[in-house]
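[1] one predicted model, sequence on top.
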Amino acid sequence: MLVALCIFVVFVNAAFAVRSLMIAARSRAHLEAVELDGAFPALSIVVPARDEERQIEACVRSLLAQEYPNFEVIVVDDCSQDGTRAILDRIALEDERLIVVGGEPLPQGWVGKPWALEQGIRAARGTWLLSTDADTEHEPLAAGSALVYAVKHRLDALSLLTDQTMVGPAERLILPSILWIIAFAVGGLDDVNDPLKPDAALFNGQFVLMTRDAYEAIGGYAALRGEVAEDLELARLLKADGRFSIALVGAQGLVRTRMYRSFHEVWNGFVKNFALGARGKAGTTALGLLFLASLSPLSPIALCLFASGDRAGLALAVGFAMLAASLAAEYGMARARFPRGSGWTIPVGVAVLFAIFATSLVRYASGLGVEWRGRHYT
């Protein structure tokens, strides 16, 4: 029995290590900073903001500093209860390129972010539309470089994997594993960007650039009104449509994000998202939960069990397998510009991720739904 457990745990960790290396090798696409020269189409940058006083000013000022010849910044104040609107109004008095839209109450059947983006794009004049989150900061060449990349590669939509700023212990221990497991599940960027692989679809809602024609052709965010993970569903919708060319590439430091700042924020943020990617796939979901549980906490438990039970050979095998998994993750995460040492957090991060994923599934399956930014979604 113990030998069988050892073989199983070693296999799971080895499979994780191999796929992590494959993802790293197949995730080469990235943005390069480009100095603009010549005429460029009008660009509208839309930011949904609900209770974002902590970070909205840094975001907006970085967007207004874009070295792009023809753009506007539209921020939708989504019924904020804090000082967000006051900050936006003050900046708007300084720079007429900032348009502040007062968000209307959430209609029945809509989720907050798609509704805010829908309202912002209604006010937009650009032929290209960039949606970005209030917790992002952008280097001056970010928007222009992204649009140049999209035009050069004849894309209808381009999303960026922003650099993740991780400061506190919860961020550094948990976020790297969660983000890496998402990549593990979907595949490398080469797979995501392959039009012949419709199931490998992923956008990062922190930065999505698309043509107005593509946006209108799919029905806008009204087609995604009930989606909590609207970025994932947007990528799926565009890729499945077949008319549009899309891509997800690394931002290479041109855009950065600090998603969450505490364990509570990490937990709530991902509980609201995770069940959506597995809807209608009960078998796949069950296998995914089994894999996560096997990677952690089962692997560390097995290691402790063998080490304390005078099973040195079994403990050594499991220890080496876990080391290989962490080394492979560290290599892949470094390629993805995660903070140094992120791979060593796999045992802790994956165990927390398993708990988050299980909680998310239970809440959605039971109809309890989730709370997010003062709103309840079922």
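    Everything's here; your move.

[2] neighbours around Leu238, how many?
    Neighbour count of Leu238, defined by other C-beta atoms under 10 Å: 22. No exception for glycine: its C-beta is placed from N, CA and C like everyone else's.

[3] same check on the one 10 residues further on?
    Residue neighbour count, defined by other C-beta under 10 Å, stands at 24 for Leu248.

[4] what's the helix or strand for the residue of the chain most remote from its centre?
    Computed with C-alpha atoms, centre = their mean, the residue of the chain farthest from its C-alpha average is Asp310, at 43.4 Å. Counting by DSSP states H and E, Asp310 is held by no secondary-structure element, helix or strand.

[5] what sits against it?
    Counting by C-beta atoms under 8 Å, 6 or more residues apart in numbering, Asp310 touches no other residue.

[6] equivalent analysis for Ile23, please.
    By C-beta under 8 Å, 6+ apart, the residues touching Ile23 are Ala183, Phe184, Gly187, Gly188, Gly332.

[7] quick one, helices of the stretch 101-250 of the chain?
    112-122, 142-152, 169-186, 189-192, 212-217, 230-241 (DSSP state H, counting those that start in this stretch).

[8] show residues contacting the longest one.
    Read it as helix 169-186. Counting by C-beta under 8 Å, 6+ apart, 16, 19-20, 23, 27, 164, 166, 192, 200-202, 258-263, 265-266, 270, 277, 288, 292, 329, 332-333, 336, 338-339, 341-343, 345-346, 348-350, 352-353, 356 sit against helix 169-186.

[9] for that helix, give the mean pLDDT please.
    In this model, helix 169-186 has a mean pLDDT of 93.

[10] name the residues of it that are buried.
    Within helix 169-186, the residues that count as buried by 16 or more other C-beta atoms under 10 Å are 170-184, 186.

[11] next one: stretch 328-335
    Ala328, Ala329, Glu330, Tyr331, Gly332, Met333, Arg335.

[12] nearest to Leu158, of those residues?
    Arg335 (19.9 Å; C-beta to C-beta).

[13] for Val18, which non-adjacent residue is closest in space?
    Spatial nearest neighbour of Val18, excluding adjacent residues (C-beta to C-beta, 6 or more residues apart in numbering): Ala328 at 7.5 Å.

[14] need the pLDDT of that neighbour.
    pLDDT recorded at Ala328 is 97.

[15] now swap in the one 4 residues further on and tell me
    Confidence per residue is given as pLDDT, and for Gly332 that number is 95.

[16] hang on, it packs against Ser20?
    Yes. Between Gly332 and Ser20 there is a contact at 4.7 Å, judged by C-beta atoms under 8 Å.

[17] mind listing what the spatially most central residue of the chain touches?
    Centroid-nearest residue in the chain, with C-alpha atoms, centre = their mean: Asn204, separated by 4.3 Å. By C-beta under 8 Å, 6+ apart, Asn204 lies in contact with Ser159, Leu160, Leu161, Thr162, Asp231, Leu248.
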